[in-house]
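Novice: this is a predicted model, with the sequence first.
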Amino acid sequence: MTTGADRDFSVSIAEIYDQLLVPLIFQAYANDLSYRVEKLEPRNVLEIAAGTGVVTRVLASRLPDGTRVVATDLNEPMLNYAKAKQVPSGAIEWRQADALSLPFEDNAFDVMVCQFGAMFFPDKVKAFGEARRVLKPGGRFVFSVWDRISENEFADVVTEALAQRFPDDPPRFMARIPHGYHDAAQIRAELNAAGFTEVETEVVEKTSRASSPHTVAHAYCQGTPLRGEIESRDPSGLEPATDDAAIALAQKFGSGPIEGRIQAIVITAIR
């Protein structure tokens, strides 16, 4: 179950998230997801949980003129950041929206896309039901979730390093939320409960690369809600905790440029 803190992305976090985490772990999957959407040749696309707009930007560059893209997010600072980064375009409409109660008519979109947002939905069946409602018959809901944390090496090392620093109350945001919704059978069952009967899942492995261990530590510790977990345990502990994570990463991957495995599950559900 997500909490408000789990979904709390401030302006400062949004900047770190976009500058560090996007190239580290999100860009490669944004390219993959956008390619899947492009092949469907949609005329109307809805993106939910758009974050800082990495998928939105790729879609805008790939989809032909005349394609309507509506990009939404629950978090207004993230959405404003995304809008400011995107070259103004009449093809993209930006709207704050809750995935559990979408402000759109039935049968309005050919494709709905969501990159690494479903893990945050407090009621996944309800969100999936909303996705089905706004899709046209035959429309596709294409989305991705992270695989278990053990299959995502940087996140796993950072989480274990913080557990060593806070043994009595380990910060578990990464394992609990981003990497906590990876059971393909459960995802399929919840999509079925929402009315989707045709569901395909695919495990997609990629490689994450960074210029240094500290870049990775900074991205995770200060560019996600993990930051709030650290500061709630020690208000002055953010930098020391980040340093601990960097040391652990260097011990496993080396002190120079590093790379590690990342793995996600991409799901396509047909209306």
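Specialist: Great, that's in hand.
Novice: what residue in the chain is the furthest from its centre?
Specialist: Asp168 (28.6 Å; C-alpha atoms, centre = their mean).
Novice: where does that one land in three-state SS?
Specialist: In terms of secondary structure, Asp168 is coil; the call rests on DSSP: H, G, I helix; E, B strand; the rest coil.
Novice: and the gap between it and Asp234?
Specialist: In this structure, Asp168 lies at 12 Å from Asp234, with C-beta to C-beta, to the nearest Å as the measure. C-betas here are computed from N, CA, C, even on glycine.
Novice: with Phe26 instead?
Specialist: As judged by C-beta to C-beta, Phe26 and Asp234 stand 28 Å apart.
Novice: buried set for stretch 226-237?
Specialist: Taking 16 or more other C-beta atoms under 10 Å as the neighbour-count basis, stretch 226-237 is seen to contain the buried residues 226-230, 233, 237.
Novice: what do you get for stretch 87-99?
Specialist: When burial is assessed from 16+ other C-beta under 10 Å, stretch 87-99 yields the following buried residues: 92, 94, 97, 99.
Novice: among these, which are in strands?
Specialist: 92, 94 (DSSP state E).
Novice: just curious, which of the buried residues of stretch 87-99 is nearest to Ala161?
Specialist: Nearest to Ala161, judged by C-beta to C-beta, of these is Ala99 at 32.1 Å.
Novice: for the closest one, what are its contacts?
Specialist: The contact partners of Ala99, by C-beta atoms under 8 Å, 6 or more residues apart in numbering, come to 48-49, 72, 74, 114, 117, 121, 127, 130-131.
Novice: hang on, Val145 packs against Ile265?
Specialist: Yes - look at Val145 against Ile265 with C-beta atoms under 8 Å: they come within range, at 5.4 Å.
Novice: so what sits against both of those two?
Specialist: When contacts are counted by C-beta under 8 Å, 6+ apart, Val145 and Ile265 have 182, 187 as shared neighbours.
Novice: neighbour count winner among the two?
Specialist: Neighbour comparison, Val145 and Ile265: the larger count goes to Val145, with 23 against 20 (by other C-beta atoms under 10 Å).
Novice: could I get the full set of helices for this protein?
Specialist: Under the criterion DSSP state H, the chain carries helices at the ranges 11-16, 27-39, 54-62, 76-85, 124-134, 153-165, 173-176, 184-193, 213-222, 226-233, 238-253.
Novice: most tightly packed of those?
Specialist: The highest average neighbour count among those, using mean count of other C-beta atoms under 10 Å, belongs to helix 213-222 at a mean of 24.
Novice: low-confidence ranges in this structure?
Specialist: Residues of the chain that meet the criterion pLDDT under 70 lie in 1-12, 89.
Novice: which one of the buried residues of stretch 87-99 is nearest to Val216?
Specialist: Nearest to Val216 among the buried residues of stretch 87-99 is Ala99, at 28.9 Å by C-beta to C-beta.
Novice: roughly how far apart are the closest one and Ala127?
Specialist: With the distance defined as C-beta to C-beta, Ala99 ends up 4 Å from Ala127.
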